[in-house]
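got a structure for you, letters missing:
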């Protein structure tokens, strides 16, 4: 987590939050709609306690809060816990979903190595431009991320809390920090740990 200075005119506080731990069981769950695990539900509780990491961030800022969430269950359940605590509505969007893995959705990575090893190896070697069978490219994910960031820049609130997924957040950080997307997997995005940025609206 990085500290963001107090908002100024034309600047917003952007809080990116990966959903709490999900019941994935070693599976590829881009758009697969799985719930939080027991660990994830406990993380939600810790997140919003008086001394929890998100509560500390929210208490340190000022201004109205906009709460946006992926419409997938693991993100929505995380956002609901937050929304009930801070008493703000949740704005769900499919544009905040993780990358779509097409035919690989819901299958274990171990099974993919055995059953689709050649296609998986090709994608891993060329992941910046290739797509899983029937899925998205990173460029398509990047377009979704950019669309959401532009949309947020037009809102009147000074604080934006976005509950999304690891891939989405990595791409967002690359765009916001002027990093090449090829570096996205160098960025660590833990579950249920807020990443706080101060962003000039006109740069979104």
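Yes, it's here. Please read these numbers as outputs of a predicted model, since none were measured by experiment.

Tell me the helices and strands packed up against the helix ranked longest in the chain.
Determined from DSSP state H, the single longest helix within the chain is helix 138-153. Secondary-structure packing of helix 138-153 (3 or more CB pairs under 8 Å, 6 or more residues apart in numbering; DSSP states H and E): strand 11-18, strand 65-70, strand 159-164, helix 166-176. To be clear about C-beta, it is placed using only N, CA and C from the backbone, and glycine gets the same treatment.

tilt between the helix or strand containing residue 84 and strand 11-18?
Assigned by DSSP states H and E, residue 84 belongs to helix 73-86. Counting by axes from the mean of the first three to the mean of the last three CA atoms, to 10 degrees, helix 73-86 lies at 130 degrees to strand 11-18.

Would you list the strands that the helix or strand following helix 73-86 pairs with, along with their directions?
Counting by DSSP H and E, the next helix or strand C-terminal to helix 73-86 is strand 90-93. Pairing partners of strand 90-93, with direction, according to DSSP bridges: strand 65-70 (parallel).

Could you list the residues in contact with the partner strand?
Strand 65-70 has contacts (CB atoms under 8 Å, 6 or more residues apart in numbering) with 19, 58, 75-76, 78-79, 82-83, 86, 88-94, 96-98, 148, 152, 155, 157, 159-165, 168.

The nearest residue to residue 200 once chain neighbours are set aside: neighbouring residues, count only.
Of all residues not flanking residue 200 in the chain, residue 11 sits nearest, at 5.5 Å (CB to CB, 6 or more residues apart in numbering). Residues near residue 11, counting by other CB atoms under 10 Å, number 17.

distance of residue 11 from residue 177?
As defined by CB to CB, to the nearest Å, residue 11 lies at a distance of 16 Å from residue 177.

Could you list the low-pLDDT ranges of this structure?
1-9 (pLDDT under 70).

switch to 80 and redo it
Along the chain, the model assigns pLDDT under 80 to residues 1-9, 61-62, 203.

buried ones in stretch 98-108?
For stretch 98-108, burial by neighbour count (16 or more other CB atoms under 10 Å) applies to 98-101, 104-105, 107.

what's around residue 64, how many residues?
10.

Make sure it is actually in contact with residue 157.
Yes - between residue 64 and residue 157 there is a contact at 4.4 Å, judged by CB atoms under 8 Å.

what sits against residue 133?
By CB under 8 Å, 6+ apart, the contact list for residue 133 reads 102-104, 116, 119.

Give the helix, strand or coil label for it.
Here residue 133 is recorded as coil under DSSP: H, G, I helix; E, B strand; the rest coil.

what's the distance between it and residue 140?
14 Å.

Next: residue 194.
26 Å.

So for those two, which residue has more residues nearby?
The residue with more neighbours, out of residue 194 and residue 140, is residue 194; 22 against 13, by other CB under 10 Å.

Who are the contact partners of that one?
Residue 194 is in contact with 1, 15-17, 53-54, 57, 161, counting by CB under 8 Å, 6+ apart.

any chance of those residues in TSV, with neighbour count and distance to residue 123 too?
Shown next, in TSV, are those (neighbours: other CB atoms under 10 Å; distance: CB to CB, whole Å):
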residue	neighbour count	distance to residue 123
1	13	32
15	22	32
16	21	26
17	27	28
53	17	34
54	25	34
57	20	36
161	26	32
